[in-house]
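> Quick one: sequence plus predicted model below, questions after.
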Amino acid sequence: MLTLSTLPTLPTLPTPTRPTRASIPQSQSRSRKFGGGGVVRRALRSEKEGDEEDAETTWQAPTKASVEALKQRARVGDVKFTTKTLSSSFSSSSRSMKDGDIGVDDGSANGLETFANKYRGRWDVPWGGTTVALGLGGWCVSFIGVAAIVFPLLAARAGVDPRTMSTSEQAEYLLAVQLAETATSLSLVYALVSPHMDVIRDKEKDWFKFDFSEPFEAERGWAKFGLIGYGATFLALALTGVALDAAEKAQGGQAAVDKVAESVGTIDGVMPLIQSDNPATFAALLAVTSVLAPLLEEVVFRGFLLASLTKWLPTPGAVLFSSVLFAGAHLAPRDFVELIVLGMILGFSYARTRNLLTPMLIHSMWNSGVLVVVAAAIQGGFAKELGIPGF
């Protein structure tokens, strides 16, 4: 199914008591001291008849039995020490005991936690729920108002019926509508957040960030994570499509699958324009779906909505909630689940990089890729094999 995303601790071990020299009998040939983290120091005292002075201490490598004994002593509250930690401790024989100087094998759990934390950071949100509600409500009104009221009235005044336009004229009309919707929506978001410009302009807060520098930087490179997200989109949507088809067949067989395919999808409204042979028409359509739509939708749904929701929800929850609204805004029942999945990839990519260029890149590449594939399938005569609606 082709989806086009565009709108219409660690326990502390008890410290062993170090024996003093006075407490050790002269006949005792060995003394032990335990260093930080289980360091075993063995000293052999050379005893010569009539000589009361200690010989110079020498050190021996630990035996397997001593290692196992240390491991057993070290298990407190199921804390496990790695062989690597023990070896390191033995090699540091000159160290003295320090509280808490214990090497712990965190295993892969700690690494996984670190990885997850990179996607769970919240934004410092200076506004409340009223601003968020006004933002969504105002955006819906303006979006619908521009496309369904303002432009049709202007066209009627000019004596033009959009339904009778040629494909090239429809492409120009669509481009003009999208430009007006984008300008109106961005102005609305700006008006709502403008009382908090001190926070918005603070670069440490990462609000509405468009940073073209270091595109392939390891931690937050926008192009790096954009390309990763684009690849993840293919896999995620392919698996989603297979799962949905299996579920639909389980419920009602092939008839259920066909019925869903007949419902409205995101690509249906622009299909006549995709079929046009006019390069200018296709260029206008690409400008709408791959430039203006990603700019508008990422600022509204990721830059404003997702980030604002982290005031009340953990970031993954905000990603999911904003993705559901993102999918619903497309008014395309056939693609609703796929749009949620796409929205989550866009959302997590933004949460990872804090740079709107990342989800915009994924969004733009996905939309343009769908258009190119559909156009090529139509021209090549294999649109039906790809399951493109209407063929």
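Everything's here; your move.

> For Lys209, which residues are in contact?
With contacts defined as C-beta atoms under 8 Å, 6 or more residues apart in numbering, the neighbours of Lys209 are 203, 354-356. In short, each C-beta sits where N, CA and C put it, glycine included.

> and with 7 Å instead?
The contact partners of Lys209, by C-beta atoms under 7 Å, 6 or more residues apart in numbering, come to 354-356.

> quick one: what helix or strand has Glu385 in it?
For Glu385, there is no host helix or strand (DSSP states H and E).

> So for it, what's the nearest residue that isn't a sequence neighbour?
Using C-beta to C-beta, 6 or more residues apart in numbering and skipping residues adjacent in sequence, the residue nearest Glu385 is Ala377, 7.8 Å away.

> count of neighbours near the one you found?
19 (other C-beta atoms under 10 Å).

> can you check His330 too?
21.

> any weak-confidence spans in the chain?
For the chain, the stretches with pLDDT under 70 are 1-109, 253-254, 256-258.

> which residue is nearest the middle of it?
The chain has Phe348 as the residue nearest its centroid, 2.4 Å off, counting by C-alpha atoms, centre = their mean.

> ok, it to Arg120 distance?
Applying C-beta to C-beta, to the nearest Å, the value for Phe348 to Arg120 is 10 Å.

> ditto for Met197
For Met197, the distance to Arg120 - C-beta to C-beta - is 27 Å.

> same check, this time on Leu175
As for Leu175, its distance to Arg120 is 39 Å (criterion: C-beta to C-beta).

> Same drill for these two, tell me which one is more crowded.
Neighbours were counted for Leu175 and for Arg120 using other C-beta under 10 Å; Leu175 has more, 17 against 13.

> Help me confirm that that one is found in a helix?
Yes. Checked against DSSP: H, G, I helix; E, B strand; the rest coil, Leu175 lies within a helix.

> OK, contacts around it?
Contacts of Leu175 by C-beta under 7 Å, 6+ apart are 284, 287-288.

> which helix is the longest one in the protein?
For the chain, the helix that runs over the most residues, judged by DSSP state H, is helix 222-261.

> Show me the contact partners of the helix or strand just after it.
Reading on from helix 222-261 to the C-terminus, the next helix or strand found by DSSP H and E is helix 271-274. Contacts with helix 271-274, where a contact means C-beta under 7 Å, 6+ apart, come from 167, 170-171, 281, 285, 371, 374-375, 378, 390.

> how about JSON lines for those, with distance to Gly137 and neighbour count added?
Shown next, in JSON lines, are the contacts of helix 271-274 (distance: C-beta to C-beta, whole Å; neighbours: other C-beta atoms under 10 Å):
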{"residue": "Thr167", "distance to Gly137": "34", "neighbour count": "18"}
{"residue": "Gln170", "distance to Gly137": "30", "neighbour count": "20"}
{"residue": "Ala171", "distance to Gly137": "30", "neighbour count": "25"}
{"residue": "Thr281", "distance to Gly137": "34", "neighbour count": "23"}
{"residue": "Leu285", "distance to Gly137": "29", "neighbour count": "24"}
{"residue": "Leu371", "distance to Gly137": "31", "neighbour count": "23"}
{"residue": "Val374", "distance to Gly137": "34", "neighbour count": "22"}
{"residue": "Ala375", "distance to Gly137": "36", "neighbour count": "19"}
{"residue": "Ile378", "distance to Gly137": "39", "neighbour count": "17"}
{"residue": "Gly390", "distance to Gly137": "35", "neighbour count": "11"}
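
> correct me, but the residue nearest to Glu385 touches Leu386?
Yes. Contact criterion C-beta atoms under 7 Å: Ala377 and Leu386 qualify, at 5.0 Å.

> hang on, the earlier thing: what about the contacts of Lys209, which are in helices?
Among those, the subset assigned to helices under DSSP H is empty.

> Among those residues, which one sits closest to Ile228?
Asn355 (13.6 Å; C-beta to C-beta).

> mind listing what the closest one touches?
209, 211, 220, 222.

> Return the distance of the residue nearest to it when sequence neighbours are not counted relative to Phe336.
Nearest residue to Asn355 in three dimensions, chain neighbours excluded: Trp222, at 4.5 Å (C-beta to C-beta, 6+ apart). Counting by C-beta to C-beta, the gap from Trp222 to Phe336 is 28 Å.

> okay, the two: which has more neighbours?
A count of neighbours by other C-beta under 10 Å puts Trp222 above the other of Trp222 and Phe336, at 28 against 17.

> you'd agree the more buried one is up against Pro215?
Yes. Applying C-beta under 7 Å as the test, Trp222 and Pro215 come out as touching, 5.6 Å apart.

> Is Gln286 within a helix or a strand, and which one?
Just to correct that, residue 286 is Leu rather than Gln. Assigned by DSSP H and E, Leu286 falls within helix 279-287.

> could I have that helix exported to PDB, CA atoms only?
C-alpha atoms of helix 279-287 as PDB (Å, rounded to 0.1, in the frame of the first residue of the first chain):
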ATOM      1  CA  PRO A 279       6.500  18.100 -16.500                       C
ATOM      2  CA  ALA A 280       5.400  21.500 -15.000                       C
ATOM      3  CA  THR A 281       2.400  19.700 -13.500                       C
ATOM      4  CA  PHE A 282       4.600  17.000 -11.900                       C
ATOM      5  CA  ALA A 283       7.000  19.700 -10.700                       C
ATOM      6  CA  ALA A 284       4.200  21.700  -9.000                       C
ATOM      7  CA  LEU A 285       3.000  18.500  -7.400                       C
ATOM      8  CA  LEU A 286       6.500  17.700  -6.100                       C
ATOM      9  CA  ALA A 287       6.700  21.200  -4.600                       C
END
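
> Which of the helices or strands spans Ile340?
With DSSP H and E as criterion, Ile340 is part of helix 336-353.

> other SSEs contacting that helix?
For helix 336-353, the packing partners by 3 or more C-beta pairs under 7 Å, 6 or more residues apart in numbering; DSSP states H and E come out as helix 222-261, helix 315-329, helix 357-380.

> Dump these into a markdown table; add distance to Thr130 as well.
Listed next are these as a markdown table, based on distance: least, C-beta to C-beta, whole Å:
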| stretch | distance to Thr130 |
| --- | --- |
| helix 222-261 | 32 |
| helix 315-329 | 17 |
| helix 357-380 | 26 |
